[in-house]
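[1] sequence and predicted structure are below.
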Amino acid sequence: MDLPEIFAYAFVQRAMLAGSLIAAVSALLGLFLVLRRFSLIGDGLAHTTFGSVAVVLLVGISPFYITLAALPLVMVSSLAIYKLTSSKKINADAAIGMVSSLGIAAGIILSSLSGGFNVDLFSYLFGNILTVNRTELVLSAIVFAVVVAVVVYYYDDLFAVTFDSELARSMGVHTERLNVILFLLTAVSAVLAMKVAGIMLVSALLILPALTALQLSVSFRKTMIAATAFAVGAVLCGILFAFVLNLPAGAMIVVFNIIFLLLVFGIRRLFTGRG
């Protein structure tokens, strides 16, 4: 099958557009999370998403609206993680572990009550970006616009909080408000990303593009642009190769993210060694 024929399919176009938007959102948010050592929040929220999807399926809501229905539950979970970490009585890793364990346990229990693991639940565990519907595409575009607007509007404050939270607070930056916004947007990103790479691989979309861009050792703005470019490139390459080779798209997207990371890391080591 020729490339023009592949791109002619409407579901492939939706998958590439929605996947690119979600990947860009995940990369932008992931950069702040990685630098603040909150990398595992993606994994924790992914497990919570599993529980949320199980709840939605148990209630009997149409799979067409699962993404929308799961959003509130995951957003509440993200706030729970934030409250636990901000109390300073529990460190971030422990808080994320607590919430993610609860999410995965709830998912297993609820899935058993609904008759065990079914096709719908498995599709969200491992992702199926080629089934993205119009509602999810529109939601992805809205979230992308919101995240870009937030990053642009709060850029200076986010930059300050990311690199020195205490100094930012002393300068009058509303750190708590920014943290809540960041956690809520990450929750939304995690729910959308489950359709791209699956619940099991959501954290990869948040972490890998950011790690790849950070290897370039350029300015923060350029790092944000690079992370977005790597994330979108991985989605487009992953979908294309998955379609041609008849392989899972979500897994291929993660594979290309890893390939980009290894290539950039290898090139950096090569030039550093020569220097």
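    That came through fine. Numbers count the residues shown, from 1 in each chain.

[2] show me where the stretch 51-200 of the chain has its helices.
    Using DSSP state H, counting those that start in this stretch, the helices assigned to the stretch 51-200 of the chain run over residues 66-86, 92-113, 119-126, 134-153, 155-163, 165-170, 175-196.

[3] who wins for proximity to residue 9 among those?
    Smallest distance to residue 9 across the helices of the stretch 51-200 of the chain (CB to CB): 14.4 Å, for helix 134-153. (Each C-beta comes from the backbone N, C-alpha and C, glycine too.)

[4] now for that closest one, which elements pack on it?
    Contact analysis of helix 134-153 by 3 or more CB pairs under 8 Å, 6 or more residues apart in numbering; DSSP states H and E lists helix 10-35, helix 66-86, helix 175-196 as its packing neighbours.

[5] returning to that earlier point: now distance to residue 239 too, for the helices of the stretch 51-200 of the chain, in TSV please.
    Below are these laid out as TSV (distance: least, CB to CB, whole Å):
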stretch	distance to residue 239
helix 66-86	19
helix 92-113	27
helix 119-126	15
helix 134-153	14
helix 155-163	30
helix 165-170	38
helix 175-196	9
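
[6] mean neighbour count, these: which tops it?
    helix 175-196 (a mean of 24; mean count of other CB atoms under 10 Å).

[7] C-alpha coordinates for the helix or strand that it is followed by, PDB please?
    Next helix or strand after helix 175-196 toward the C-terminus (DSSP states H and E): helix 202-214. Only the C-alpha atoms of helix 202-214 are listed here, as PDB (Å, rounded to 0.1, in the frame of the first residue of the first chain):
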ATOM      1  CA  VAL A 202       1.100   6.600  29.300                       C
ATOM      2  CA  SER A 203       4.100   7.600  31.400                       C
ATOM      3  CA  ALA A 204       6.300   7.000  28.300                       C
ATOM      4  CA  LEU A 205       4.600   9.900  26.400                       C
ATOM      5  CA  LEU A 206       5.200  12.200  29.400                       C
ATOM      6  CA  ILE A 207       8.800  11.200  30.100                       C
ATOM      7  CA  LEU A 208      10.600  10.100  27.000                       C
ATOM      8  CA  PRO A 209      10.300  13.300  24.700                       C
ATOM      9  CA  ALA A 210      11.300  15.500  27.600                       C
ATOM     10  CA  LEU A 211      14.400  13.300  28.400                       C
ATOM     11  CA  THR A 212      15.300  13.400  24.700                       C
ATOM     12  CA  ALA A 213      15.000  17.100  24.400                       C
ATOM     13  CA  LEU A 214      17.000  17.700  27.600                       C
END
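
[8] all set now, cheers.
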